[in-house]
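**Student:** with the input below, show me the fold.
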Amino acid sequence: MKFKLLSLLMLTLVISLSAVNPGFARLRVVTTLPDHAALAEYIGGEQVETYSLSRPLQDAHYLDATPGMIVRIGRADLFIKNGMELEEGWIPEVLRETRNRAVRPGGRGYVDASKGINAIQVPERIHRDMGDVHPSGNPHYTLEPVTSIPAAENIADGLIRIDSANSDYYLENLTRYIEESQELLEKWQAKFEPHQGTGVIVYHKHFDYMLEALGIEVVDAIEPLPGLPPSARHVAQLLSEYDSERVSFVLMEPWHDARVSQRVADGIGVELVTGCPTVGSCEGADSIFSLFETNAQKILDALEN
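**Tutor:** Residues are numbered from 1 along each chain as shown. Down below sits the predicted model:
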């Protein structure tokens, strides 16, 4: 009798905790990038708790696999990667070591968010002297919300696979995401209308989806090849070829050496803009939408100053 009473009390406690703590039965979603964690939070809402294996100011091209990553993925219900070879240096090892087969490629809890992305800069051929080129194209598709819609759809599909009971909820959030993405892009395209065709020199081709959507032309890069640090000769060449008539600003990521980018900007006579490469990497850029808006506003300010 005492045992039955104790069991009943424990069951009541569990039910009570579930009611007051919406995180009690949340799906554990692990992502490679903060951007995908933000997407999963938008689509999954109160049904998910997320964890990104990389931090906002880490360049995900160059991370190393760690035991902590293996532990995190081992406990995940859903794993989401950026894809397009961005994490090839570390994620395959992490997935190899995990005992959680559900989040390995082909498992019901595995999501390659890049499936269906309309990729830019897809090389016709690959050879060593091209630098760190991604065969599938530019992998930084989360910097522009409309481009990222297929990623949101892939995440919704993954959540529905493992939690079909809440499929309507996920689909409603996905529909809202699509509508807000389209409205946001239209709003900013109108603001950038006077600046169509403006030229920019980037450090790395990180913001190109956003720049293309806003009508800004990337004319060159401070990296002579993707992943290759600039030489003094390359910097001198940029300064000899471009002026403020052709280039309106220089755009870089915060993890690169600002001194080189500043030298290029000063030599041309334009402003250096440090963009926000991921959700959480700048003040105010705490969602996919605010990431885009923060970057767009930084660029617009530079063009209008």
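
**Student:** which residue ranges of the stretch 51-200 of the chain form strands?
**Tutor:** 78-81, 110-112, 199-202 (DSSP state E, counting those that start in this stretch).

**Student:** so how far is the second one from its chain's centroid?
**Tutor:** How far strand 110-112 lies from its chain's middle: 15 Å, per Cα atoms, centre = their mean, to the nearest Å.

**Student:** that strand: partners in the sheet, and parallel or antiparallel?
**Tutor:** strand 78-81 (parallel) (DSSP bridges).

**Student:** can you list the strands of the stretch 51-200 of the chain in a markdown table and add mean pLDDT, mean neighbour count and distance to residue 239?
**Tutor:** For every residue, glycine as well, the C-beta is placed using N, CA and C. Output for the strands of the stretch 51-200 of the chain, formatted as a markdown table (pLDDT from 0 to 100; neighbours: other Cβ atoms under 10 Å; distance: least, Cβ to Cβ, whole Å):
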| stretch | mean pLDDT | mean neighbour count | distance to residue 239 |
| --- | --- | --- | --- |
| strand 78-81 | 98 | 27 | 39 |
| strand 110-112 | 98 | 21 | 41 |
| strand 199-202 | 98 | 22 | 10 |
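
**Student:** save those strands as a markdown table, and put in distance to residue 31 too.
**Tutor:** Formatted as a markdown table, the strands of the stretch 51-200 of the chain follow (distance: least, Cβ to Cβ, whole Å):
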| stretch | distance to residue 31 |
| --- | --- |
| strand 78-81 | 4 |
| strand 110-112 | 9 |
| strand 199-202 | 25 |
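
**Student:** looking at those, which is nearest to residue 47?
**Tutor:** strand 78-81 (10.8 Å; Cβ to Cβ).

**Student:** can you list contacts of the closest one?
**Tutor:** 27-32, 36, 39-40, 48, 73, 87, 91, 95, 103, 109-113, 154-155, 158-159, 162 (Cβ atoms under 8 Å, 6 or more residues apart in numbering).

**Student:** now it - C-alpha only, CSV.
**Tutor:** Taking Å, rounded to 0.1, in the frame of the first residue of the first chain, the C-alpha atoms of strand 78-81 are listed here in CSV:
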residue,chain,number,x,y,z
LEU,A,78,17.8,15.7,-33.9
PHE,A,79,21.1,16.7,-35.4
ILE,A,80,21.2,19.5,-38.0
LYS,A,81,24.3,20.4,-40.1
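
**Student:** how much space separates residue 224 from residue 51?
**Tutor:** Here residue 224 is placed at a distance of 36 Å from residue 51 (Cβ to Cβ, to the nearest Å).

**Student:** check contacts around residue 76.
**Tutor:** Neighbours of residue 76 in contact, by Cβ under 8 Å, 6+ apart: 28-30, 100, 103, 109.

**Student:** could you do residue 208 as well?
**Tutor:** Here residue 208 is in contact with 120-121, 138, 140, 202, 218 (Cβ under 8 Å, 6+ apart).

**Student:** what about the longest helix in this structure?
**Tutor:** The longest helix of the chain (DSSP state H) is helix 167-192.

**Student:** ok, the closest residue to residue 112 other than its chain neighbours - how many residues close by?
**Tutor:** Closest residue to residue 112 apart from its sequence neighbours, by Cβ to Cβ, 6 or more residues apart in numbering: residue 83 at 4.3 Å. Residue 83 sits with 23 neighbouring residues when counted by other Cβ atoms under 10 Å.
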